[in-house]
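*Asks:* Have a look at this prediction, sequence included:
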Amino acid sequence: MNATTSYQAIITSPIGPLGIVIEEGVLYRINFLSDETTLQAAEGKPAAQVAAQLQHYFKQADWHFSLPLQPMGTTFQQQVWQQLRQIPLGEVRTYGEIARALNSGPRAVGNACRNNPLPVVVPCHRVVAANGPGGFAGQTQGRNLSIKGWLLAHERATL
DNA sequence: TTAGGTAGTCTCG
DNA sequence: CGAGACTACCTAA
């Protein structure tokens, strides 16, 4: 999130360093870090489990996470994130499709995706716009959007 | 291509 | 609380 976030681990991955927040073995938050912040990674015991599963996913996308998650958010956001986790590997949904499933609106779904605290594990990258790629990690272009593309290509490659 | 509609959240006051 | 302003959108014209 910002400089005040204290990460239990920083994991290097093909999409750059990932900052991980874990408490009591429960995963709360994953952040994409800039390549400069990769220095001190205090790799603790609870982080090892998360790190291992993430590395596994980056090696082979056909892998489904089994981690205790605690993404904090409103009830609507929880509903959206729940929907995201039901999108099968290698498939995508549009914001509108998710919205209809929840009797809501596309923009509201976009908002919830933007606030997803656990990207990659909760597959917000599998949600695209009706005509376009949509956004990722708060950006509608730039590095984060290319990460989205990388993840989708990675998953397609392992089908 | 745009104009208007939409739902959830945030920020003021 | 209420009004207004934000969005990783969608559809019709």
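*Replies:* Thanks, I have the structure now. Numbering: from 1, shown residues only, chains lettered A, B, ... in the order given.
*Asks:* Neighbours of the spatially closest residue to residue A:114 that is not a sequence neighbour, how many?
*Replies:* Spatial nearest neighbour of residue A:114, chain neighbours left out: residue A:138 (5.6 Å); criterion: CB to CB, 6 or more residues apart in numbering. For the C-beta atoms, the positions are set from N, CA and C on the backbone; glycine is no exception. A count of neighbours around residue A:138, defined by other CB atoms under 10 Å, yields 11.
*Asks:* thought residue A:138 was touching residue A:148?
*Replies:* No. Assessed by CB atoms under 8 Å, residue A:138 is found out of contact with residue A:148, at 11.5 Å.
*Asks:* so what pLDDT did the residue nearest in space to the middle of chain A get?
*Replies:* Centroid-nearest residue in chain A, with CA atoms, centre = their mean: residue A:119, separated by 0.9 Å. Per-residue pLDDT puts residue A:119 at 98.
*Asks:* Name the SS class of it, please.
*Replies:* coil (DSSP: H, G, I helix; E, B strand; the rest coil).
*Asks:* Now for residue A:126, how many residues are close by?
*Replies:* 20.
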